[in-house]
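1. Model the following, please.
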Amino acid sequence: MKQLHTAFVGYGSGGRIYNAPILSSVSGFRVTKILTSSPHNIKAALQDFPEAEVVSNLVEILEDSEIRLVILVLPNHLHYSFAKQILEAGKHLLVEKPFTPHVREANELIRLAHQNNLVLSINHNRRWDSDFRTVERIVKSSLLGRLVEYEAHFDRFRNEIKPGWKEKQELAGSGILYDLGSHLIDQALHLFGLPKEVFADIRMQRDHASVPDNFELLLFYPQIKVTLKAGTLVKEKGPTFTLHGTKGSYVKYGADVQEEALKKGQLPKDFSDWGREPEEIWGKLNTLDKKEFYKSEPGDYRVVYQNLFDAITSGAELEVKPEQARDVIKIIEAAQQSQDERRVVTFG
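-> This next block holds a predicted model:
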């Protein structure tokens, strides 16, 4: 099998927990260089990839002619400047979500990738959450009849302000709308496309918060109302997904199991049942025909990396196109406009 020489740019938790174990479970990647600086991250990088070289300067990756792919896992405000250099150097690129803080930056990177005939994708991995894959199956099979309402939540309880770039107002791309909101928005756009109108209520609820930590986002379609919500002061969680249609409803509690498994250091390749939810958190389907706990589809973040490999080596169509990730940022910018002007924003 072809070996795709790969470099990581950034090896904090996003790199070592959410990307490296997935890449390591897909054949064909060979990580040869890792750009990171903290002693903790250097140690982790060498443990995960003993044959890789840890470097302290991006130039060492850009000038390495053997490296064809770069995995960019840096704070959001650095995505554009680093991605631009990587694409200009002729490397294929996977950017951790969200793509960029601003649409104009995303458009420039898309132009560069097309101009240089490079594969550019964004790690919107939660399209392959177990619960969302199940929702997608229900929607596409019309089990609920004509869908009229879709509500998705990504809630946590984190009442203290932790140090780090995500909590710094002066850094572009900080706050919950870019962090968790980008997942929820991508899922909604994947199912329904772009909305006609957007309304947002964005708040700072924690004591001493300086960036948004709660939002409710409404996306209006001709026949469907989509509600996306996330908060950091939700101790008692409600449903993750709620869908209503002309023939019934589907309500799902609980979270996809892959994130907790990755936090424990587990690798997908070591588990035949990777991404499978326990029966006790299957969603409840209640229609005119039946009422049952509906078996969840297995989740699998490996799809992102397998598809990336196939796109680079054999020209396969990307599952997550950069234009789709750019549209997520369009929604975020429309939501911010809605919040600032306290009105519904016509999207288009």
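
2. Would you mark the buried spots in the longest helix belonging to the chain?
-> Longest helix of the chain, by residue count under DSSP state H: helix 322-341. Neighbour counts over helix 322-341 (16 or more other C-beta atoms under 10 Å) mark 322, 324-336, 338-339 as buried. All C-beta atoms are positioned from the backbone trio N, CA, C, and that covers glycine.

3. Leu201: which element?
-> Quick fix: residue 201 is Asp, not Leu. Assigned by DSSP states H and E, Asp201 falls within strand 197-203.

4. Likewise for Glu216?
-> Glu216 belongs to strand 214-220, assigned by DSSP H and E.

5. And that strand, what does it pack against?
-> When contacts are defined as 3 or more C-beta pairs under 8 Å, 6 or more residues apart in numbering; DSSP states H and E, strand 214-220 packs onto helix 176-179, helix 181-192, strand 197-203, strand 225-231, helix 322-341.

6. got the residue ranges for the strands in the stretch 201-348 of the chain?
-> Per DSSP state E, counting those that start in this stretch, the stretch 201-348 of the chain carries strands over the ranges 214-220, 225-231, 241-245, 248-252, 283-287, 291-294, 345-346.

7. would you list those strands in JSON lines and tack on mean neighbour count, mean pLDDT and distance to Gly12?
-> Compiled in JSON lines, the strands of the stretch 201-348 of the chain are given as follows (neighbours: other C-beta atoms under 10 Å; pLDDT from 0 to 100; distance: least, C-beta to C-beta, whole Å):
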{"stretch": "strand 214-220", "mean neighbour count": "21", "mean pLDDT": "98", "distance to Gly12": "24"}
{"stretch": "strand 225-231", "mean neighbour count": "20", "mean pLDDT": "98", "distance to Gly12": "21"}
{"stretch": "strand 241-245", "mean neighbour count": "20", "mean pLDDT": "98", "distance to Gly12": "30"}
{"stretch": "strand 248-252", "mean neighbour count": "20", "mean pLDDT": "98", "distance to Gly12": "31"}
{"stretch": "strand 283-287", "mean neighbour count": "19", "mean pLDDT": "98", "distance to Gly12": "33"}
{"stretch": "strand 291-294", "mean neighbour count": "14", "mean pLDDT": "98", "distance to Gly12": "37"}
{"stretch": "strand 345-346", "mean neighbour count": "16", "mean pLDDT": "96", "distance to Gly12": "34"}
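
8. nearest to Lys166, of the ones you listed?
-> strand 225-231 (13.2 Å; C-beta to C-beta).

9. Kind regards, and thank you for your time.
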